[in-house]
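**Q** okay, predicted coordinates and the sequence, questions at the end:
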Amino acid sequence: MTLRVAAAAAMVACCSLPAQTKKLPAQSSASGDDAAVTAALDRFFAADAGAQAAFAFEPALDRELLTAAGDARLRALAFAAFRRAPHADLRADFAQNRVRTADRESPYTVAPVGERPPRGWALVVAMHGGGGVEHAVNDQQWQHMQVYYRPHPEAGGYLYVALRAPNDAWNGFYDDAFYPLFERLVRQFVVCGDVDPDRVFAIGYSHGGYGAFALGPKLPHRFAAVHASAAAPSDGESSPVGLHALPFSFMVGGLDDEHGRRERCAAFGKALLELRREHPDCYATAFTVVNGNPHTGLPDRDLLPMVLAHTRDPVPRQLWWEPTDAVVRDHYWLHVGAPAKGQRLEAALVRGDGGTTVRAALRGVERAESWLDARRCDLQRDVTIDLGGALRTLQPAPTLATLCRTLVQRGDPGLAASWIVPLLP
C-alpha cells in the first residue's frame, strides 16, 4: 500500500576576436529592425570575453528593455544568437555524448521519446544506482538506468539522458564538483540539443536519488520538476527552504531503514509541510512511503508522465534561499558573491501603483545582487530596494549588453537579466 504523506501539487571553445581596448559599437539599427539587431547579437556572441565586456549596443535597444514586450523580443533574439554561436567545446562534447569540467567528466546516452514539442525537447536526466562500488558495478547500474524509467511518448516529446556518474565514489552524484558538471550538461543540451530550458527534469534511484536530493534543493532554478527514489536528504546539504517554486517529489520504502533513509525522508517531508503551511502557495512537494517495500523494487518506473506535466517559472515573485556550499552562487534572480553555509536570503518582488519594490532580508551575506528585468518589474518607474526597512530608490538602467552577458554566464534565457542591482549599498 502507498501512503501519501505530503499534500502535493506534483509527483513527481569559442571563436575569438582580437582583444579590444575600447567599446565595440554595435551595427547601426533601429529598434524594430530584427536583421540589424541579429547581426549585432551575432557579433557579440562570437567575440571573446574581453570584447563582450566592452560591447555596446544601440541605446535605443537598451530603452526597449524598459517594457515587457521589448524584453521578450530582445531576449528571444539574443537566445537565438547565443545558440548560433560557435560553442566549439560544447559541440565537440555533445557529438561524443560526454560532459566535462576541469576536474570531472561523465558519459551519457540519449534516447528521444515522442515528437519534438513546438518550443523544443524536454530534457530528462536519469541518474543510476551504485556509488562506492567497483567500476564495473557502476557501469552495470548505468546500463540499467538507460532502460529503467519506461518511455511515455504520450507525455510529450523529451530526450531521455542516462548520465553516468563522473567517478565511482559514494557521492559521485552529489559532491560540490558535480553541480558545475550538471549545469554544463544542461547548457550543452540547450545549445546543441534543441532543449527547452523551461522543461529540464532530474530523476534518480538510490545513488542517483541522492543526486536528485542534492540537485533539487541546490539548483531549483534549473528545473521544472525533480524526483528522488530510494534515497534521502543529506544533513547540511539538502535544505528544503529553496524548494519554494520547484515541484519536488520523493519516494522511499517503508522497510528502507539503512543509513536512516526512511527516517530522514520523513523528517524532510515534515519540514516541507511546515514550510507549506507558512507559505500556502509555495512548496508543491510530494512524499510517498511504500509500506512493506525495502530499498529495491519501488513502483516508480512510470512516474515520468507526472514529472513531465510541469514547466518552470524562472522568475518567482518570492524567494527563500539557504546556501549550503561555496559553489552554487545563484538562486533564480539572486546572486551571491561568496556563498557559504549559515547564510540566508529572502527576497520578493512587489509591484504596486507606485512601481516595483524589491524587499530583501540577508543574513551572513557580504555581497548579493538582484538580477532584474521587465518580466516582473515595472522598469518604466523608479524601483525601490527595501533591505530590512532601509530604502533606496533607483532609476532602472537595463542594457542589452547586460542581458547578453548574463545569458553567457548562466547559459539560460530564463535566468538572464538586463539590470543587475546590488542589494547591499
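**A** Perfect, I can see it now.
**Q** which intervals of this structure have sub-threshold pLDDT?
**A** Filtered on pLDDT under 70, the chain yields the residue ranges 1-32.
**Q** list the buried residues of stretch 347-365.
**A** By 16 or more other C-beta atoms under 10 Å, the buried positions in stretch 347-365 come out as 347, 349, 355-362, 365. Bear in mind the C-beta positions are built from the backbone N, C-alpha and C, glycine included.
**Q** over to stretch 40-49?
**A** Buried residues in stretch 40-49, counted by 16+ other C-beta under 10 Å: 40-47.
**Q** Glu369 belongs to a helix?
**A** No. Glu369 is assigned strand when assessed by DSSP: H, G, I helix; E, B strand; the rest coil, not a helix.
**Q** residues near it, how many?
**A** Glu369 has 18 neighbouring residues, counting by other C-beta atoms under 10 Å.
**Q** contact partners for it?
**A** Counting by C-beta atoms under 8 Å, 6 or more residues apart in numbering, Glu369 touches 334-337, 420-423.
**Q** do I have it right that Thr288 meets Ser249?
**A** Yes. Thr288 is within contact range of Ser249, at 7.4 Å (criterion: C-beta atoms under 8 Å).
**Q** more neighbours, the two?
**A** Ser249 (26 against 23).
**Q** the more buried one: what secondary structure?
**A** Per three-state DSSP, the local secondary structure of Ser249 is strand.
**Q** which strand residues bridge it?
**A** Using DSSP bridges, the bridge partners assigned to Ser249 are His227, Ala286.
**Q** would you confirm that it contacts Leu272?
**A** No. Here Ser249 does not reach Leu272: they are 10.5 Å apart, not a contact under C-beta under 8 Å.
**Q** which residue sits closest to Phe45 in space, ignoring its chain neighbours?
**A** Nearest non-adjacent residue to Phe45, counting by C-beta to C-beta, 6 or more residues apart in numbering: Ala85, 3.8 Å away.
**Q** same deal with Ile385?
**A** Of all residues not flanking Ile385 in the chain, Arg392 sits nearest, at 4.4 Å (C-beta to C-beta, 6+ apart).
**Q** so where does the one you found fall, helix or strand?
**A** Taking DSSP states H and E as the criterion, Arg392 maps to strand 390-394.
**Q** which strands or helices does that strand pack on?
**A** Applying 3 or more C-beta pairs under 8 Å, 6 or more residues apart in numbering; DSSP states H and E, we find strand 390-394 packed against strand 383-387.
**Q** list the strands paired with the strand it packs on, with their directions.
**A** When DSSP bridges is applied, strand 383-387 pairs with strand 355-363 (parallel), strand 390-394 (antiparallel).
**Q** what comes into contact with it?
**A** Strand 383-387 has contacts (C-beta under 8 Å, 6+ apart) with 355-362, 370, 372, 377, 391-396, 421, 423-424.
**Q** let's go with 6 Å and repeat that
**A** Contact with strand 383-387 is made by 356-360, 391-394, 396, as judged by C-beta atoms under 6 Å, 6 or more residues apart in numbering.
**Q** in a markdown table, list the strands paired with strand 383-387 along with distance to Thr101.
**A** Output for these, formatted as a markdown table (distance: least, C-beta to C-beta, whole Å):
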| stretch | distance to Thr101 |
| --- | --- |
| strand 355-363 | 29 |
| strand 390-394 | 36 |
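**Q** ok, which of those comes nearest Ala224?
**A** Nearest to Ala224 among these is strand 355-363; the distance by C-beta to C-beta comes to 25.3 Å.
**Q** could I have the closest one exported to PDB, CA atoms only?
**A** Presented in PDB, the C-alpha positions along strand 355-363 are these (Å, rounded to 0.1, in the frame of the first residue of the first chain):
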ATOM      1  CA  GLY A 355       6.200  51.000  -9.100                       C
ATOM      2  CA  THR A 356       8.200  47.900  -8.000                       C
ATOM      3  CA  THR A 357       9.800  47.300  -4.600                       C
ATOM      4  CA  VAL A 358      12.500  44.700  -4.100                       C
ATOM      5  CA  ARG A 359      12.100  43.600  -0.500                       C
ATOM      6  CA  ALA A 360      15.000  41.600   0.900                       C
ATOM      7  CA  ALA A 361      16.500  40.300   4.200                       C
ATOM      8  CA  LEU A 362      20.000  39.000   4.300                       C
ATOM      9  CA  ARG A 363      21.900  37.000   7.000                       C
END
